[in-house]
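>>> With the input below, show me the fold.
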Amino acid sequence: MRQVWITKAGAPEVLQVKEAPDPTPAAGELRIRVEAAGINFADIMARMGTYPDLPGIPIVVGYEVAGRVDAVGDGVDQSWVGKDVLSLTRFGGYSDVVCVPVGQAFERPEGMDALTGAAIPVVYLTAWQLVVAMGGLCKSETVLIHSAGGGVGIAAVQIAKHIGATVIGTASAGKHDYLKSIGVDHCIDYRNEDFEERVREITKGAGVELICDAVGGESFKKGFRVLAPTGRLGMFGMSTTVTGKRRSLGAMFKMVRQMPWLTFNPVALMNQNKGVFGVNMGRMWDQTERIGGWTHEILDLYRQGVVAPRVDNSFSFDQAAEAHHYIQDRKNVGKVLLTP
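Numbers count the residues shown, from 1 in each chain. Purely as a prediction, here's the structure:
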């Protein structure tokens with residue numbers, strides 16, 4: 001098999017393709033011939049050496065794939081062989097062959113190709129946890145979605161619009177037309193506008209009931225201030241720590257200084273009737289039944305046409321460095337994939 005390895009912490013050029021023997025599925029596992037693998041921001045942070053859950057470098061990262069099952073281990077129904085699936089992977093997804101526990105794989109709906117399948121697991125499960133499972137968004141509410149043009153952002157927009165909520169999205173100006181086309185009610189150009197001021201203008205001072213924020217630092221503070229009573233701030237990343245393509249201790253220290261360490265104290269939460277929660281799909285691996293239930297709901301929405309992943313671009317394994325550059329240069333609107 002071929003795999004894309006992070007050989008050392010650094011710029012995208014540290015990614016290298018290497019060959020290894022095909023794995024054999026253990027008991028309870030499926031083996032998938034991968035046709036597409038998703039790239040997520042966690043992979044970028046891992047390559048830079050700033051992802052806290054990374055076991056170590058060198059490593060093959062990747063959290064989601066789509067392909068066809070060609071073998072199963074003991075205790076797994078043989079009917080899986082030949083099925084087209086999408087799957088979560090706990091690292092190792094940048095490979096053209098992977099073995100995964102059967103509970104992490106899901107048969108793709110009829111007509112779903114591999115590119116679409118690989119664009120679903122991480123971003124839609126993250127969005128589902130943010131908007132539905134923990135965010136509890138309702139039809140009468142307003143949600144602020146940061147980085148609305150990214151994979152999680154687009155997924156959150158689609159789910160929120162299906163619920164019937166009003167959506168405010170932050171993104172660079174070049175992405176606004178697309179975001180409006182998928183239902184974003186108000187777009188904020190985060191490069192030239194202060195989102196806190198704009199949210200107050202848009203909501204006439206009322207604030208928003210839910211925020212999906214992967215920016216971190218000062219953004220968390222501003223977001224908390226514009227929450228309406230009963231509002232919830234959902235935190236699922238800290239992209240502010242990534243200011244270049246190599247690890248920056250200065251950016252990390254700045255983020256730490258800007259974090260709202262005193263803002264989210266119990267007294268403030270009670271007195272202001274606000275809530276704060278965090279989402280990290282990388283820490284949900286033991287929640288097989290829960291994740292399985294969410295995935296089936298998401299796939300049902302795909303069949304209804306509600307969930308519609310946008311694949312912005314795909315790159316071959318040999319172009320993995322180019323793919324990481326593409327994401328960090330903020331060129332993508334939607335999901336970026338690797339194709340073996």
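
>>> which helix is the longest one in this protein?
Longest helix of the chain, by residue count under DSSP state H: helix 288-304.

>>> Which elements pack onto that helix?
With contacts defined as 3 or more Cβ pairs under 8 Å, 6 or more residues apart in numbering; DSSP states H and E, the packing partners of helix 288-304 are strand 105-107, helix 121-128. In short, each C-beta sits where N, CA and C put it, glycine included.

>>> Swap in 6 Å and give it another go.
Helices and strands touching helix 288-304, by 3 or more Cβ pairs under 6 Å, 6 or more residues apart in numbering; DSSP states H and E, are helix 121-128.

>>> where does this protein have low pLDDT?
238-243, 245-262 (pLDDT under 70).

>>> if we can go back for a sec, would you mind listing the buried residues in the following helix or strand past the longest helix of the chain?
On the C-terminal side of helix 288-304, the nearest following helix or strand under DSSP states H and E is strand 311-316. The neighbour-count check on strand 311-316 (16 or more other Cβ atoms under 10 Å) flags V311, D312, N313, S314, F315 as buried.

>>> For A11, see how far away the nearest residue to R232 once chain neighbours are set aside is.
Excluding the flanking residues, the one nearest R232 by Cβ to Cβ, 6 or more residues apart in numbering is G275, at 4.4 Å. For G275, the distance to A11 equals 39 Å [Cβ to Cβ, to the nearest Å].

>>> Are there helices or strands packed against whatever helix or strand V336 lives in, and which ones?
Under the criterion of DSSP H and E, V336 resides in strand 335-339. Packed against strand 335-339, as judged by 3+ Cβ pairs under 6 Å, 6+ apart, are the following elements: strand 29-38, strand 311-316.

>>> From the rest of the structure, what touches it?
For strand 335-339, the external contacting residues (Cβ atoms under 6 Å, 6 or more residues apart in numbering) are 36-39, 115, 118-119, 151, 311-317, 323, 327.

>>> Backbone dihedrals for F224, both of them.
phi -60, psi -40 (degrees, to the nearest 10).

>>> Next, the contact list for it, please.
F224 touches L233, T263, counting by Cβ under 6 Å, 6+ apart.

>>> what do you get if the cut-off is 8 Å, keeping everything else the same?
F224 is in contact with L233, P260, T263, F264, K274, V276, counting by Cβ atoms under 8 Å, 6 or more residues apart in numbering.

>>> ok, V72 - contacts?
Contacts for V72 (Cβ under 8 Å, 6+ apart) come out as P25, E29, L30, R31, Q78, W80, V81, V102.

>>> Which one of those residues sits in the busiest neighbourhood?
Compared across those, L30 has the highest neighbour count, 25 neighbours, by other Cβ atoms under 10 Å.

>>> quick one: it and T7, what's the gap?
The gap separating L30 from T7 is 28 Å, by Cβ to Cβ.

>>> Next, report how far the helix or strand G231 falls within is displaced from the centre of its chain.
Using DSSP H and E, G231 maps to strand 227-235. On the basis of Cα atoms, centre = their mean, to the nearest Å, strand 227-235 sits 20 Å off its chain's mean C-alpha point.
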